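> Here's my sequence, what's the structure:
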Amino acid sequence: MKIWMATKNSRLPRRCPWSLGRRFGQLFLITLILPVAVHGEIPTDRVQTIRDHLNAGRFQEALAAVEPLLASKPEDATLRFLRGITHEKLRDWTAALTDYDALVTQNPVAPDLRQQRGMTRFRAGDLAGSLQDFDEAIRLDPGLERKHWQRGLTYYLMGDYEQGAKQFLLYQSYHGADVENIAWHMACLARETDWSKAQSKILTLEGDDQRIPLMTVDRLFRGGATPEQVTKDAAAIPADTPEGTLSRFYAELYLALYFDARQEVQPRDQHLDLAVALQLDHYMWDVANVWRNHLRKKQD
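Numbering: from 1, shown residues only. As a prediction, this is how the structure comes out:
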């Protein structure tokens, strides 16, 4: 899946640094692109049909196609992975985790499986479980550590701001033109100390982030813009377009983070509710949803 990235000069879909399309972001994309594996008696065209259903967003059809194949060959890891992804796209976390658990047992040294299960555990609200899998993925493939923004998000939601700041700082060495990373890093510092001290240590943006309104979000965190300007810039994109929905989501999520970093609870909750209401198939939407649910449990 490509995510529409709203820019001032383009309406073409582009991959963005924190999109779902990276190797350790939404793993099923890689699987769907790879050549079809050998499946013994299972015709490869039937496996490809499952992949086609997933790529087209026909998740119930994908499930109906994969179930009889997996029943006939339960040891097939590719089929089980495809079913796990299908359950995940249907937001059935328990069923997805059942398949991922079986795959991890079958191949405990595969970092991508640990990563995928960690993301699903996160979406299911299991922050500690997600961190455990992310740590294990990094142990198995140390090269993942500097790229691992998801682990930073888990740290933030768990309230481990020191480790979150370290992770986002490490990611900065991998991608220095990502406003989202800079915002989360500064929020960690603000929650560790205070807003003024964090603002004095904000990371340098090493290039323009063309996703509207993230450059305005960057100015907001640096003290050069207001929340109203963030909202206004996001609203400049037509609301009935994918770009407009994504822009409004970014605005609401990062206004929520801004107010959380300043420990202003009421506006944080208002903007987080608005972000979740936009209903995107996007890991960052899951972050907003899990964050809101986590905060509500803490408040009860």
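> buried ones in stretch 264-274?
268-269, 271-272, 274 (16 or more other Cβ atoms under 10 Å). For glycine as for every other residue, the C-beta is placed from the backbone atoms N, C-alpha and C.
> Surely residue 275 touches residue 246?
No. Assessed by Cβ atoms under 8 Å, residue 275 is found out of contact with residue 246, at 11.1 Å.
> just to revisit the earlier point, widest-spaced pair of the buried residues of stretch 264-274?
268 and 274 (11.0 Å; Cβ to Cβ).
> And the strands in the stretch 201-300 of the chain, which stretches?
With strands called from DSSP state E, counting those that start in this stretch, the stretch 201-300 of the chain shows none.
> Flag the shaky bits of it, pLDDT-wise.
Along the stretch 201-300 of the chain, no part satisfies pLDDT under 70.
> In it, mark out all the helices, start to finish.
214-222, 227-235, 242-261, 265-276, 283-299 (DSSP state H, counting those that start in this stretch).
> Ok, the stretch 1-150 of the chain next?
For the stretch 1-150 of the chain, the helices defined by DSSP H, counting those that start in this stretch occupy 28-33, 44-55, 59-72, 77-89, 93-106, 111-123, 127-140, 149-158.
> For residue 186, which of those helices is the nearest?
Using Cβ to Cβ, the helices of the stretch 1-150 of the chain put helix 149-158 closest to residue 186, at 11.3 Å.
> Show me the contact partners of the closest one.
18, 24-25, 115, 118-119, 122, 127-128, 130-131, 134-135, 138, 161, 163-164, 167-168, 171, 180-181, 184-185, 187-188, 283, 287, 290-291, 294 (Cβ atoms under 8 Å, 6 or more residues apart in numbering).
> Check the gap between residue 115 and residue 138 for me.
9 Å (Cβ to Cβ, to the nearest Å).
> Now list whatever residues contact both of these two.
Contact with both residue 115 and residue 138 is made by residues residue 144, according to Cβ under 8 Å, 6+ apart.
> the more surrounded of these two?
residue 115 (26 against 20; other Cβ atoms under 10 Å).
> My guess is the more buried one contacts residue 132. True?
No. Using Cβ under 8 Å, residue 115 is not in contact with residue 132; the gap is 11.8 Å.
> my guess is residue 205 contacts residue 179, does it?
Yes. Counting by Cβ under 8 Å, residue 205 sits close enough to residue 179 to count as a contact (6.5 Å).
> Between these two, which is the more surrounded one?
With neighbours defined as other Cβ under 10 Å, residue 205 and residue 179 compare such that residue 179 has more, 26 against 19.
> Quickly note the distance from that one to residue 244.
Residue 179 is 19 Å from residue 244, by Cβ to Cβ.
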